[in-house]
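Colleague: just need the structure, nothing else, for what follows:
(one chain, ligands or ions: 1)
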Amino acid sequence: MATATAGTAGNSRPATTWHNWAGNVTATPARVVTPASVGELQEAVRRAAEEGLRVKAVGTGHSFTAAAATDGVLVRPQALAGIRAVDRTAGTVTVEAGTTLKELNRALAREGLSLTNMGDIMEQTVSGATSTGTHGTGRDSASIAAQIRGLELVTADGRLLICSEKENPEVFAAARIGIGALGIVTAITFAVEPLFFLTAREEPMGFDRVTSEFEEHFAENEHFEFYWFPHTGNCNTKRNNRSQGPAAPPGPVSAWVEDELLSNGLFQVVNSLGRAVPATIPSIARVASRALSARTYTDIPYKVFTSPRRVRFVEMEYALPRERVVEALRELRAMVDRSGLRISFPVEVRTAPADDIALSTASGRETAYVAVHMYKGTPYQAYFTAAERIFTAHGGRPHWGKVHTRDAEYFAQVYPRFGEFTALRDRLDPGRVFGNDYLRRVLGD
Ligand SMILES: Cc1cc2nc3c(=O)[nH]c(=O)nc-3n(C[C@H](O)[C@H](O)[C@H](O)COP(=O)(O)OP(=O)(O)OC[C@H]3O[C@@H](n4cnc5c(N)ncnc54)[C@H](O)[C@@H]3O)c2cc1C
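Modeller: Numbering: from 1, shown residues only. I've put the predicted structure just below:
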């Protein structure tokens, strides 16, 4: 472990232990800096490199992998936050890297603007979320990183690199999902569009029906996803499609019952009980999966896409070629049924169109995601190992921010553009100033 030192670049202090949201990753950086300007950040990177310390920017620690862990200089983003510019003619917004998705969504809504698609929550920073390829579900619209039109990056030599399709296009092609390996992102320009309404239809459906009709549901909806409750044949489906409005959010009672009681409060109690007495999980799952009822509501995008997640868990998620997902899900269900495993968390299934980012989980192929979760504090290895065996047999690509055991050798097989990314990394960061143990495993030395 490196010893703590005082610094001069930005607000610098000796480190304490850092841990991620799920609590499954901890690190003790040599020092923590909170630069208040791009200049201070550049100085912090130069100084760390001179001292032989590695540097890692962290977001809000919502990754389940050790992607953000460091024994060197931990760069906190809080003082580099806020909206820099809104360009209505170009249809873009430029934000500082430490801005959270929540701040961005709310600021955009005030301007009558919105991102096109997003994930389940909005606690993450824009740079942390995009760096690991955070995505929601979409037929035509892809991950948050795919909505990037430009970004600024402090590289290992302390230079500020501006990237877009026109400027440094080879860096732009990779750095939108850079896993922190190419430099520190200081600002991102996103494509935005006029604020619109989405009507959500949530509806319980049987596993056999939802899997046999999966391609139809996918084709008929702009955003289709479903949750399957292990130990049952029950799923909850969610279809989000654009509508004329007006906003018709769930009534306060329905919202409280579905979002707070069933998804957070009661779900917490149920999971704690299941952790203490795993044998109760299948019966609880049958009751819980039936408790959700059909509902339809309309609201602006971030209020439909995202919801609070207060029950802590660990997660693994794989991106599969879309045509393989139903087979993989049937195998997952058969594995759970014969395994003796007790799984209290639903399995989430989402989609994304192919995109053009080198290390995007949807790079160059139509994709469906399968995510498995375990309640925090419950042993997850046996479940995740068995699930991962199924996902990798279908050529799956793990989410960069979610638990997996894959290494560079595997990624070289499942990403046709893996070599393009590692060559760029060799050029931009030959000394591995931005390296850590996770990157050594997934990208190689
Ligand atoms: C409750 C919960 C719900 C989630 N829902 C979804 C979902 O719906 N869809 C989905 O795809 N994922 C989801 N995730 C995963 C999450 O979106 C990603 O792990 C995301 O990367 C976390 O963002 P963060 O700001 O916390 O970044 P961190 O986890 O802190 O960091 C992630 C990576 O980004 C790098 N990084 C951070 N800032 C910078 C920067 N300025 N420059 C360069 N690199 C940087 C870090 O070094 C690290 O490698 C969820 C996670 C949780 C805990």
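
Colleague: for the ligand, what are the nearby residues on the stretch 151-300 of the chain?
Modeller: Within reach of the ligand by Cβ under 6 Å from any ligand atom, the stretch 151-300 of the chain has these residues: 179, 180, 184, 185. For every residue, glycine as well, the C-beta is placed using N, CA and C.

Colleague: excluding chain neighbours, give the residue nearest to the residue of the stretch 101-250 of the chain found nearest the ligand in space.
Modeller: For the stretch 101-250 of the chain, the residue positioned closest to the ligand under Cβ to the nearest ligand atom is residue 128, at a distance of 2.2 Å. Excluding the flanking residues, the one nearest residue 128 by Cβ to Cβ, 6 or more residues apart in numbering is residue 59, at 2.2 Å.

Colleague: go through the residues of the stretch 151-300 of the chain next to the ligand and flag which are in strands.
Modeller: If you go by DSSP state E, those have 184, 185 in strands.

Colleague: farthest-apart pair in the residues of the stretch 151-300 of the chain next to the ligand, please.
Modeller: 179 and 184 (12.4 Å; Cβ to Cβ).

Colleague: just to revisit the earlier point, the residue of the stretch 101-250 of the chain closest to the ligand touches residue 56, doesn't it?
Modeller: No: Residue 128 is beyond contact range of residue 56, at 11.2 Å (criterion: Cβ atoms under 8 Å).

Colleague: need the overlap of contacts for these two.
Modeller: residue 68 (Cβ atoms under 8 Å, 6 or more residues apart in numbering).

Colleague: and the contacts of stretch 140-147?
Modeller: 101, 115-119, 126, 129-131, 133-136, 176-177, 190-191, 222-223, 352-353, 355, 357, 360-362.

Colleague: can you check stretch 274-292 too?
Modeller: 202, 204, 229-232, 234-236, 258, 262, 267, 270, 273, 342-344, 346, 375, 377-378.

Colleague: list the residues that contact the spatially most central residue of the chain.
Modeller: Note on the chain: the residue nearest the mean C-alpha position is residue 134, at 3.1 Å, using Cα atoms, centre = their mean. Going by Cβ under 8 Å, 6+ apart, residue 134 touches 119, 124, 143, 144, 145, 401.

Colleague: which of residue 179 and residue 184 has more neighbours?
Modeller: Taking neighbours as other Cβ atoms under 10 Å, residue 179 and residue 184 compare with residue 184 leading, 29 against 25.

Colleague: against residue 64, how distant is that one?
Modeller: In this structure, residue 184 and residue 64 are 22 Å apart, going by Cβ to Cβ, to the nearest Å.

Colleague: how many other residues sit next to the residue nearest to residue 159 when sequence neighbours are not counted?
Modeller: Leaving aside its sequence neighbours, residue 159 sits nearest to residue 42 (Cβ to Cβ, 6+ apart; 7.7 Å). Residues lying near residue 42 (other Cβ under 10 Å) number 20.

Colleague: am I right that residue 42 is in contact with residue 153?
Modeller: No: using Cβ under 8 Å, residue 42 is not in contact with residue 153, being 11.1 Å away.

Colleague: need the residues touching each of the two.
Modeller: Residues touching both residue 42 and residue 153 (Cβ under 8 Å, 6+ apart): residue 160.

Colleague: for residue 194, give the beta-bridge partners.
Modeller: For residue 194, the beta-bridge partners are residue 113 (DSSP bridges).

Colleague: what's the neighbour count on it?
Modeller: Neighbours around residue 194, by other Cβ under 10 Å: 10.

Colleague: surely it meets residue 113?
Modeller: Yes: counting by Cβ under 8 Å, residue 194 touches residue 113, with 6.4 Å between them.

Colleague: the host helix or strand of residue 32 pairs with which strands, parallel or anti?
Modeller: Secondary-structure element containing residue 32, defined by DSSP states H and E: strand 31-34. Strand pairing for strand 31-34, using DSSP bridges, gives strand 11-14 (antiparallel), strand 73-75 (parallel).

Colleague: surely the residue nearest to the centre of the chain is in a helix?
Modeller: No: Residue 134 is assigned coil when assessed by DSSP: H, G, I helix; E, B strand; the rest coil, not a helix.

Colleague: can you read off the pLDDT for it?
Modeller: As predicted, residue 134 sits at a pLDDT of 98.

Colleague: repeat that for the one 5 residues further on.
Modeller: Looking at residue 139, its pLDDT reads 98.

Colleague: can you give me the strands for the stretch 51-200 of the chain?
Modeller: Along the stretch 51-200 of the chain, counting by DSSP state E, counting those that start in this stretch, strands occupy 55-57, 73-75, 83-87, 92-96, 113-114, 148-154, 160-164, 184-191, 193-194, 197-206.

Colleague: the ones you listed into JSON lines, with extra columns for mean pLDDT?
Modeller: Shown next, in JSON lines, are the strands of the stretch 51-200 of the chain (pLDDT from 0 to 100):
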{"stretch": "strand 55-57", "mean pLDDT": "98"}
{"stretch": "strand 73-75", "mean pLDDT": "97"}
{"stretch": "strand 83-87", "mean pLDDT": "97"}
{"stretch": "strand 92-96", "mean pLDDT": "98"}
{"stretch": "strand 113-114", "mean pLDDT": "98"}
{"stretch": "strand 148-154", "mean pLDDT": "98"}
{"stretch": "strand 160-164", "mean pLDDT": "98"}
{"stretch": "strand 184-191", "mean pLDDT": "98"}
{"stretch": "strand 193-194", "mean pLDDT": "98"}
{"stretch": "strand 197-206", "mean pLDDT": "96"}
